[in-house]
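**Q** Quick one, what's the 3D model for this:
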Amino acid sequence: MDRYERILTLHRLLKAAHYPVPLPRLMDELQCSRATLYRDIAFLRDALGAPVESAGGEHAAFRYEAGEGERFELPGLWLTSDELAALLALNELIGRSGPGGVLAGALAPFKARIEHLLSDRDSGKALPVERIRVIPWGERRLDQQVFRIVAGAVLERRQLRFRYRARTTNSDSRRTVSPQRLTHYRDNWYLDAWDHDREALRSFAVDRISEPHAQEAAATDVPEADLNELLASSYGIFAGKPKAWATIRFSPHAARWVADEHWHSQQQGSWLPDGRYELKLPYSNAKELLMDVLKYGPDAEIVAPLPLREEMKAMLHLALAGYQ
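**A** Residues are numbered from 1 along each chain as shown. Got it, this is the predicted structure:
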């Protein structure tokens, strides 16, 4: 452990302690000698102004002064090598996914500072970028400038006006909305917003937004509970309250994967006696759910409700007809 991390660890131990911390425990936690520990305590007290006091007595122990210790914080931003390496990994992940290039560009000086800190400490925590591999799937082309404006409106809580071309109907419209939040779903970005023209909550694919303009008017805030009820209570990205619960059974082979997968926050899964796996989840629009079940082919069967089962049968007949 280098000196930087010893100082940080020492501060955290003394700040969290309700009683004086014995010298042997501090030496064990910091993995250092008595002399090194005393030097670190002196640096923490004299150079950084920490309210360190010795408990004295027969056995040496240290603590922060009551009251002063609760308010004291180390100056600047203090992170361990592990925490810095985790931040560096997160930065690489952001930079290699979607519009992350925008964010990674803004964070470039921060990244350089992290790399410098790690190299200075000789901690062995340096993270070569080639050790991180990100494979996008189904990622659609996204205008970086559009993303900046949309994200800015969300953070600044300002209304947003834009042109929107719906993918399902290919219709073109102008929208004035109060942005609520950005949602990253299956390698693509969506804007959850209150649509002032339709007086309803809507979810917009950011890649279908063009000509965005942030307005001077403040955005109308919608309670998070209402957002989740209308935009996150059903399966997938489609908005709306659940209209039914789907029951899907997977073969023993597919069950080994599905049992560990997260499909929905309210999903219910159970193993059947014959080794199959049964998954239940709420849905509003069946389209996306049917597409996801189809990828399992003969290893998945929709059991209920009957209309959803019949819709799947119709899709399978149409797919088969295309091969004849």
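**Q** Which neighbours in the sheet does whatever helix or strand residue 53 lives in have, and how are they oriented?
**A** Using DSSP states H and E, residue 53 falls within strand 52-54. The strands that strand 52-54 pairs with in its sheet are strand 61-64 (antiparallel) (by DSSP bridges).
**Q** Give me the average confidence score over the strand it pairs with.
**A** Per-residue pLDDT values over strand 61-64 give a mean of 89.
**Q** do the same with stretch 251-267
**A** 93.
**Q** buried ones in the strand holding residue 53?
**A** Within strand 52-54, the residues that count as buried by 16 or more other C-beta atoms under 10 Å are 52-53. Every C-beta, even on glycine, is put in place using the N, C-alpha and C of the backbone.
**Q** centre of the chain versus that strand, how much separation?
**A** Strand 52-54 has its C-alpha centroid displaced from the chain centroid by 41 Å (C-alpha atoms, centre = their mean, to the nearest Å).
**Q** same thing with stretch 308-323?
**A** So, by C-alpha atoms, centre = their mean, the centroid of stretch 308-323 is 36 Å from its chain's centroid.
**Q** in that stretch, what's buried?
**A** Here stretch 308-323 shows 308-309, 311-312, 315 as buried, counting by 16+ other C-beta under 10 Å.
**Q** repeat for stretch 17-28
**A** Here stretch 17-28 shows 17, 20-21, 23, 26 as buried, counting by 16+ other C-beta under 10 Å.
**Q** Looking at the residues you listed, which is nearest residue 190?
**A** residue 17 (46.4 Å; C-beta to C-beta).
**Q** Quick one: residues contacting that closest one.
**A** Applying C-beta atoms under 8 Å, 6 or more residues apart in numbering, we find residue 17 in contact with 63-64.
**Q** need the strands for this structure, in chain order.
**A** Counting by DSSP state E, the chain has these strands, from start to end: 21-22, 52-54, 61-64, 158-165, 172-185, 188-195, 200-205, 209-218, 244-250, 268-271, 277-283, 300-304.
**Q** which strands and helices sit next to the shortest one?
**A** Other elements packing on strand 21-22 under the criterion 3 or more C-beta pairs under 8 Å, 6 or more residues apart in numbering; DSSP states H and E are strand 61-64.
**Q** about what we covered before: need the max-distance pair from the buried residues of stretch 17-28.
**A** Longest span within these, C-beta to C-beta: 17 and 23, 13.0 Å.
**Q** Other residues contacting the strand holding residue 53?
**A** In contact with strand 52-54 (C-beta under 8 Å, 6+ apart) are residues 14, 41, 44-45, 60-65.
**Q** same thing with stretch 171-184?
**A** Looking at what lies outside stretch 171-184 - C-beta under 8 Å, 6+ apart - the contacts are 98, 150-151, 153-154, 157-166, 189-197, 201-204, 206, 215, 219-222, 227, 231, 237.
**Q** now these: which count as buried?
**A** Buried among the contacts of stretch 171-184 (16+ other C-beta under 10 Å): 98, 150-151, 153-154, 158-162, 164, 189-195, 201-204, 206, 219, 222, 227, 231, 237.
**Q** Report pLDDT for residue 312.
**A** Confidence score, pLDDT, at residue 312: 96.
**Q** swap that for residue 158, please
**A** 94.
**Q** Quantify the burial of the closest residue to it other than its chain neighbours by counting its neighbouring residues.
**A** Counting by C-beta to C-beta, 6 or more residues apart in numbering, residue 214 is the residue found nearest to residue 158 once chain neighbours are left out, at 4.9 Å. For residue 214, the count of nearby residues is 18 (other C-beta atoms under 10 Å).
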